[in-house]
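In: Build me a model:
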Amino acid sequence: MKLVFATNNAHKLSEVRQILGDSYDVVSLADIGCTTDIPETAPTLEGNALQKARYVKEHFGLDCFADDTGLEVDALNGAPGVFTARYAETEGWGRGHDTTANVDCLLHNLENKSDRKARFRTVIALIYNGEEHLFEGIVEGAITNSRQGTDGFGYDPVFHPDGCDGTFAEMGPDAKNAISHRGRAIRLLAEFLNKKA
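Out: Coordinates of the predicted model:
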């Protein structure tokens with residue numbers, strides 16, 4: 001089954017392809033000739049995911065899925081949330097999607113805070129046969145005091161999932177995908193598609 005994943009993020013694309021396996025031919029926005037930076041202006045993860053999926057359906061006529069992921073930190077009242085990818089910019093620390101600045105900003109804002117509980121939440125919006133569906137994956141954890149590990153991307157070096165020995169960046173991709181927020185949401189998507197196939 002061919003599926004359009006509304007992303008040009010190589011890390012996300014690789015993770016999703018690995019989780020879904022050979023049963024699905026997952027193609028990116030670039031693969032379908034979409035070079036637009038699709039807006040993500042909704043106030044929720046669900047809204048942003050739907051916004052991206054609807055854009056592809058409207059402009060290319062293809063069934064597709066899109067995701068939005070947020071890191072929600074309790075001591076920061078749920079921030080960075082929908083601004084996860086551009087947190088540093090919203091806090092005046094940098095411009096655009098700057099991963100290093102995002103992590104630096106997060107660690108700075110958590111200095112002297114004892115409550116470091118956090119969760120990653122991924123919402124996937126699927127448009128399939130004219131219907132819209134949402135799937136959610138959540139993983140609870142905590143933010144470390146400093147970067148640990150070299151694998152993964154984004155906030156992986158500072159996110160320590162509950163019940164694990166290290167951060168996402170200290171796990172291999174298979175171990176991370178087995179428990180990650182995106183992995184959980186993608187598996188729900190796959191279960192749904194397998195029932196429809």
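
In: The nearest residue to residue 107 once chain neighbours are set aside: neighbouring residues, count only.
Out: What sits nearest to residue 107 in space, not counting adjacent residues and going by C-beta to C-beta, 6 or more residues apart in numbering, is residue 158, at 6.6 Å. Just so you know, the C-beta spots here come from the backbone N, C-alpha and C atoms, and that holds for glycine as well. By other C-beta atoms under 10 Å, the residues close to residue 158 number 27.

In: thought residue 158 was touching residue 148?
Out: Yes: between residue 158 and residue 148 there is a contact under C-beta atoms under 8 Å: 7.4 Å.

In: Now for those two: what residues contact both?
Out: Listed as contacting both residue 158 and residue 148 by C-beta atoms under 8 Å, 6 or more residues apart in numbering are residue 167.

In: ranges for the strands of this structure?
Out: Ranges of strands within the chain are 2-5, 25-27, 64-73, 80-81, 117-128, 131-143, 159-161, based on DSSP state E.

In: how close does the spatially most central residue of the chain sit to residue 23?
Out: By C-alpha atoms, centre = their mean, the chain has its centre lying nearest to residue 69, at 3.5 Å. Distance of residue 69 to residue 23, computed by C-beta to C-beta, to the nearest Å: 23 Å.

In: go on, residue 147?
Out: 36 Å.

In: More neighbours: which of those two?
Out: More crowded of residue 147 and residue 23, by other C-beta under 10 Å: residue 147, with 16 against 10.

In: Hmm, residue 156 and that one touching each other?
Out: No: taking contacts as C-beta under 8 Å, residue 147 lies outside contact range of residue 156: 9.2 Å.

In: and for the two, which residues touch both?
Out: Joint contacts of residue 147 and residue 156 (C-beta under 8 Å, 6+ apart) are residue 169.

In: picking up where we left off before, so which of the strands of the chain is nearest residue 191?
Out: Closest to residue 191 of the strands of the chain, according to C-beta to C-beta: strand 131-143, at 8.8 Å.

In: mind listing what the closest one pairs with, with the direction of each?
Out: Its sheet considered, strand 131-143 pairs with strand 117-128 (antiparallel), strand 159-161 (antiparallel) by DSSP bridges.

In: which stretches of this structure form helices?
Out: Using DSSP state H, the helices of the chain run over 10-20, 45-60, 87-90, 99-109, 173-179, 181-196.
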